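K.L.:
have a look at this prediction, sequence included:
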Amino acid sequence: MEQPVSQVRLWNGGLAWMVTRYDDVREVLADPRLSSDMSRPGFPAHNASVAATRQKHRTFLNMDDPEHAKQRRMVTRDFMIKHVEALRPRIQRHVDALIDEFSAGPQPADLVTGIALPTSSATISELLGVPYEDHEFFESRSRTISSGDVEPVEALQAYEELREFLRGLVDRKRAEPAQDVISHLVELETRGDIGIDELLNMLRLLLGAGHETTANMIALGTLALLEHPEQLERLRNDPSPQRVAAAVEELLRYLTISHFGRRRIAVEDLEIGGQTIKAGEAVVVANDSANRDPDAFPDPDVLDLERDARHHLTFGYGVHQCLGQPLARVELQVVYPTLFRRLPDLRLAAPMNELPFKTHSVFYGLFSMPVAW
Amino acid sequence: MKVEVEPDKCIASGQCVLIAGSVFDQNEDDGIVVLLGSEVTGGEEDAVLSAARVCPARAIHVLDGQR
Ligand code: HEM
Ligand code: SF4
């Protein structure tokens, strides 16, 4: 890469510095002089819908420390390794039941609505305390918000509908608390630690990020394994927990579904990779190209399920690194081996070039994926 | 080899626990890192170095790396 930091033009005509090298990307994402606050003028949002919804409804995803840390720590307990590991047997039973139902149905069938979404939606619903029966509602509204292909008014409308839905749940939990994230946050709200507006936005973030991302990884990861039969064969022959965990990290790296880069704005002058970036200038931190930097991952364009890829940047880096990563990991570690063990002849039932990829969505993925078995 | 953590910086990503669970744990209240022992011996050294490398908050410091 001759120019590791260069200027690019954004969808709205604005300019941004794009950072592409692994070491530079980590430096930038660890640097408190770069802000995630979308309300700052000149912030390089992904698209018009993201700009509109995130400026109107703030969450800790777009706050800086110390405000960010204060809100994030309200939910870190629920995503700690110990708690998420305790969910593994339930996730396994759920995925087994889903595959029973899926494989008894007609062929070809859609893996996204049959396996991917029901795995992640049911898991995050249960953790938060959202009734899974409402999954079609929250899935479709979340899809609209992150699609990148709708007018901002539509995205704002979908956001508002989700907030009203969540407000109803908050009222119910206030009357009848349970062992879930909503009840815990309601308790904090009653104590005055967080306002109702921010609580609803936080729940919206957790619900959306908690199902869309992992569902995208389930479908795309399955596709990548089908496209690399030798790799899949080796994984199938030795599905030990260590091998599966390593395979999941490599699929996360190779696919980098967080494909729009991390978005930041400089609040002070700084220098990255020899380039001066001035206060007020926008930065697009390309974690996807960093994940293909040969200095960090030899032969980066090769999918190699046995490599050590744990230092990948698919979950970001720095204080905003993904809160839900332990949960995403457990779901993926359960789904891939179970799917290929239970459906050994699983195959794609449409030509690759006809698959509807989420090219403009905040996270890369597939809208649908026809398969047979 | 000695290791230190800065809990104030930690963002509870859990990565250190996944990589070196015999050295790092998470606090029950908010998932912030807890060091189980600052003296790291032979078999755990590589894992601790990996954890320090991966930690998104740069909250893990290996003090002497003579190995
Ligand atoms: C494979 C699945 C996932 C991927 C690739 C992913 C990716 C990411 C990335 C790249 C960020 C950093 C954003 C930034 O730096 O600006 C992030 C943050 C976040 N993710 Fe995930 N995520 C996934 C699953 C989940 C799940 C299951 C949850 C569960 C609720 C979740 C909740 C969050 C939250 C709340 C944040 C904001 C963290 C903060 O700002 O401190 N994610 N995620
Ligand atoms: S890896 Fe770093 S940020 Fe994550 S839990 Fe450990 S010390 Fe905290």
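P.N.:
Okay, I see it. Numbering: from 1, shown residues only, chains lettered A, B, ... in the order given. Ligands and ions are numbered 1, 2, ... in the order given.
K.L.:
where in chain A is pLDDT low?
P.N.:
For chain A, applying pLDDT under 70 flags the ranges A:1-2.
K.L.:
quick one, helices of it?
P.N.:
In chain A, the segments counted as helices under DSSP state H are A:22-29, A:48-56, A:67-72, A:81-104, A:111, A:117-128, A:135-146, A:152-175, A:181-190, A:196-227, A:229-237, A:241-255, A:287-290, A:325-342.
K.L.:
can you tell me if the second one touches ligand 1.
P.N.:
No: when contact is scored as C-beta under 6 Å from any ligand atom, no part of helix A:48-56 falls within range of ligand 1; the minimum is 10.6 Å. For every residue, glycine as well, the C-beta is placed using N, CA and C.
K.L.:
that helix to helix A:135-146, inter-axis angle?
P.N.:
Helix A:48-56 and helix A:135-146 are oriented at 100 degrees to each other (axes from the mean of the first three to the mean of the last three C-alpha atoms, to 10 degrees).
K.L.:
so which bits of chain B are right by ligand 1?
P.N.:
Counting by C-beta under 6 Å from any ligand atom, chain B has no residue next to ligand 1.
K.L.:
any idea how far apart the tips of stretch A:260-277 sit?
P.N.:
End-to-end distance of stretch A:260-277 (C-alpha to C-alpha, to the nearest Å): 20 Å.
K.L.:
tell me if it is near ligand 1.
P.N.:
Yes: Stretch A:260-277 lies within reach of ligand 1 by C-beta under 6 Å from any ligand atom, at A:Arg262.
K.L.:
run through who's touching that stretch.
P.N.:
A:4-5, A:17-19, A:21, A:24, A:27-29, A:31, A:33-38, A:40, A:42-46, A:278-288, A:316, A:320, A:362 (C-beta atoms under 8 Å, 6 or more residues apart in numbering or on different chains).
K.L.:
report the entries of these that also contact ligand 1.
P.N.:
Residues of those in contact with ligand 1 (C-beta under 6 Å from any ligand atom): A:36, A:316, A:320.
K.L.:
my read is that A:Met38 contacts A:Lys56, right?
P.N.:
No: with contact defined as C-beta atoms under 8 Å, A:Met38 and A:Lys56 do not form a contacting pair (9.8 Å).
K.L.:
now the closest residue to chain B within the stretch 101-250 of chain A, nearest residue through space, not along the chain?
P.N.:
As assessed by C-beta to the nearest C-beta, chain B sits closest to A:Ala245 within the stretch 101-250 of chain A, at 8.1 Å. Among residues not flanking A:Ala245 along the chain, A:Gln333 sits closest, at 6.0 Å (C-beta to C-beta, 6 or more residues apart in numbering or on different chains).
K.L.:
same deal with A:Pro118?
P.N.:
Nearest non-adjacent residue to A:Pro118 (C-beta to C-beta, 6+ apart): A:Leu98, at 5.5 Å.
K.L.:
returning to what we had before: report the buried members of the contacts of stretch A:260-277.
P.N.:
When those are checked for burial by 16 or more other C-beta atoms under 10 Å in any protein chain shown, the buried set is A:4-5, A:17-19, A:21, A:24, A:27-29, A:34-38, A:40, A:43-46, A:281-288, A:316, A:320, A:362.
K.L.:
can you list which of the residues you listed are found in strands?
P.N.:
A:5, A:17-19, A:34-35, A:282-285 (DSSP state E).
K.L.:
from those, which single one is nearest chain B?
P.N.:
A:Val285 (13.3 Å).
K.L.:
residues contacting the spatially closest residue to B:Asp29 that is not a sequence neighbour?
P.N.:
Excluding the flanking residues, the one nearest B:Asp29 by C-beta to C-beta, 6+ apart is A:Arg77, at 6.4 Å. For A:Arg77, the contact set (C-beta under 8 Å, 6+ apart) comprises A:83, B:28-31.
K.L.:
out of those residues, which are inside helices?
P.N.:
Those of those lying in helices (DSSP H): A:His83.
K.L.:
filter the contacts of A:Arg77 down to the buried ones and hand me the PyMOL line.
P.N.:
Restricted to buried positions by 16+ other C-beta under 10 Å, the PyMOL selection for the contacts of A:Arg77 reads:
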select buried, (chain A and resi 83) or (chain B and resi 30+31)
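K.L.:
JSON lines for the contacts of A:Arg77, including distance to ligand 2?
P.N.:
Formatted as JSON lines, the contacts of A:Arg77 follow (distance: C-beta to the nearest ligand atom, whole Å):
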{"residue": "A:His83", "distance to ligand 2": "13"}
{"residue": "B:Glu28", "distance to ligand 2": "14"}
{"residue": "B:Asp29", "distance to ligand 2": "14"}
{"residue": "B:Asp30", "distance to ligand 2": "11"}
{"residue": "B:Gly31", "distance to ligand 2": "7"}
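K.L.:
which one of the contacts of A:Arg77 is nearest to A:Leu346?
P.N.:
A:His83 (31.4 Å; C-beta to C-beta).
K.L.:
now the closest one. Nearest residue, chain neighbours left out?
P.N.:
Of all residues not flanking A:His83 in the chain, A:Arg77 sits nearest, at 7.3 Å (C-beta to C-beta, 6+ apart).
K.L.:
so the residue nearest to A:Pro118 makes contact with A:Leu117?
P.N.:
No: applying C-beta under 8 Å as the test, A:Leu98 and A:Leu117 come out as separate, 10.1 Å apart.
K.L.:
wait, A:Ser121 sits on A:Glu139?
P.N.:
Yes: between A:Ser121 and A:Glu139 there is a contact under C-beta under 8 Å: 6.2 Å.
K.L.:
could you name every residue contacting both of those two?
P.N.:
Counting by C-beta under 8 Å, 6+ apart, the shared contacts of A:Ser121 and A:Glu139 are A:His211.
K.L.:
tell me which of those two has more neighbours.
P.N.:
Taking other C-beta atoms under 10 Å in any protein chain shown, A:Ser121 and A:Glu139 do not tie; A:Ser121 has more neighbours (24 against 20).
K.L.:
which intervals of chain B have sub-threshold pLDDT?
P.N.:
Low-confidence segments of chain B (pLDDT under 70): B:65-67.
K.L.:
helices of that one, start to end?
P.N.:
In chain B, the helices defined using DSSP H lie at B:15-19, B:45-54.
K.L.:
residue with max distance from the center of the chain?
P.N.:
You didn't pick a chain, so chain A it is. Relative to the mean C-alpha coordinate of chain A, counting by C-alpha atoms, centre = their mean, the farthest residue is A:Ala175 (31.9 Å).
K.L.:
that answer is for a different chain, and I need it for chain B
P.N.:
B:Asp29 (18.1 Å).
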